[in-house]
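Q: Here's a sequence, model it:
(one chain, ligands or ions: 1)
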Amino acid sequence: MEGRNVIVINQPLLPHQFKLLRLKDHRETAKAIQSMIVRGAGTIGATAAYGMAQAYLEGVDLDRAYRRLVETRPTAADLKHALDRVRARATSPQEAVAEAEAIADEYVERALKIAKIGLPLIPSGSRVLTHCNAGWLALVDWGSAPAPIYLAHRKGRKVFVWVSETRPRNQGANLTSWELLQEGVPHKIIADNAGGFYMRRGEVDLCIVGADRIAANGDVANKIGTYQKAVLAHENGIPFYVAAPSSTIDVACRSGDDIPIEERDEDEVHYIYGQTAGQKMARVRVSPMQASAGNPAFDVTPARYITGIITERGIVRPGEIRKQFGK
Ligand code: MRU
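A: Next up is the predicted model:
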């Protein structure tokens with residue numbers, strides 16, 4: 001935060017351009033979250049916390065500002081968690097800014113713990129499959145699912161990553177691949193429907209994905225397409241891990257059936273956004289003009305397909321979530 005402005009990485013321009021965007025008030029911050037200029041569970045939480053701090057600084061109606069921010073991305077538990085924290089603890093604009101800073105800093109600390117706790121799962125030679133983007137961009141600085149991978153690589157272990165492209169918005173191809181390139185981690189982008197092919201050929205040792213909300217029974221909502229990866233991993237006897245900070249756990253949701261699933265604009269399916277051969281950013285239509293499309297942003301992976309959930313407090317079995325994290 002700089003003064004009243006929240007400064008974010010403009011994620012839709014990646015990997016082609018790295019640009020920062022200045023969000024001048026809480027309305028612009030809410031819009032940036034909704035339009036996915038900033039995205040990824042933890043980053044959404046931290047950004048929303050700063051957005052709430054902006055509302056305190058602006059002196060606007062805090063209940064209305066809260067509602068505007070909380071409605072932007074309904075599946076991500078971290079969004080509400082962060083907004084509730086600022087509202088509960090801050091009685092002045094200064095306290096609201098300090099709370100938002102604390103939330104962002106805690107994400108970094110928790111992600112580093114997740115990296116260390118997940119490290120033993122990645123011996124040298126590991127071939128890991130991940131889906132969507134749960135790295136630096138998605139959870140302030142370290143990320144969740146890729147954090148143990150980054151740490152393993154920095155420690156000199158040989159690690160290879162299969163990056164699932166993640167239609168319709170291609171967060172794997174655009175963002176995870178970009179992060180892995182910066183870290184120097186060998187990887188290949190694969191079409192979403194190629195995961196099973198590599199699993200069956202014995203070329204995937206484990207899967208690690210992030211989460212947007214974890215229910216009390218261990219069911220996990222994450223980016224659309226996660227469920228089919230988990231079922232395929234189960235079918236092929238491959239461990240399937242979810243990595244997330246405890247702020248993503250929502251014990252008020254008894255099961256995945258209680259998790260609200262965000263339905264996004266169908267144009268995200270009809271159009272692909274990227275760089276042309278002439279190096280201009282462009283949107284290209286891939287479907288017939290008259291066609292309609294469904295666009296659920298997340299799916300629920302039932303607990304039975306999940307080997308373990310890597311949190312900052314340790315690796316827990318999905319069935320232990322209620323016991324370990326219930327109040
Ligand atoms: O719609 P997105 O791009 O915000 O969804 C992101 C994901 O599903 C990530 O896997 C999840 O948020 C974990 S990020 C630490």
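Q: can you pull out the helices in the stretch 1-150 of the chain?
A: 26-34, 41-58, 62-70, 77-89, 93-118, 147-154 (DSSP state H, counting those that start in this stretch).
Q: out of these, nearest to the ligand?
A: Ranking the helices of the stretch 1-150 of the chain by proximity to the ligand (CB to the nearest ligand atom) places helix 41-58 first, at 3.5 Å. The way it works is simple: take the backbone N, C-alpha and C, and place the C-beta from them, glycine included.
Q: Could you measure from D25 over to I7?
A: Between D25 and I7 the distance is 13 Å, computed by CB to CB, to the nearest Å.
Q: Quick check on the two: which one has the bigger neighbour count.
A: With neighbours defined as other CB atoms under 10 Å, D25 and I7 compare such that D25 has more, 18 against 11.
Q: quick one: contacts for the closest residue to the ligand within the chain?
A: Nearest residue of the chain to the ligand: G210, at 2.6 Å (CB to the nearest ligand atom). Each residue near G210 by CB atoms under 8 Å, 6 or more residues apart in numbering is listed here: 40-41, 132, 134, 138-139, 143-145, 222-223, 242-244.
Q: Without its sequence neighbours, what residue ends up closest to the residue sitting nearest the centre point of the chain?
A: With distances taken as CA atoms, centre = their mean, the residue of the chain nearest its centroid is G40 (3.2 Å). In space, and not counting its chain neighbours, G40 is closest to A138: 2.3 Å by CB to CB, 6 or more residues apart in numbering.
Q: which residues touch that neighbour?
A: Here A138 is in contact with 39-43, 132, 144, 171, 175, 210 (criterion: CB under 8 Å, 6+ apart).
Q: tally of neighbours for P239?
A: 15.
Q: Could you tell me the phi and psi values at it?
A: When read as degrees, to the nearest 10, the backbone of P239 gives phi -60, psi 140.
Q: sorry, back to before: what's the spacing between the residue nearest to G40 and V38?
A: A138 is 9 Å from V38, by CB to CB.
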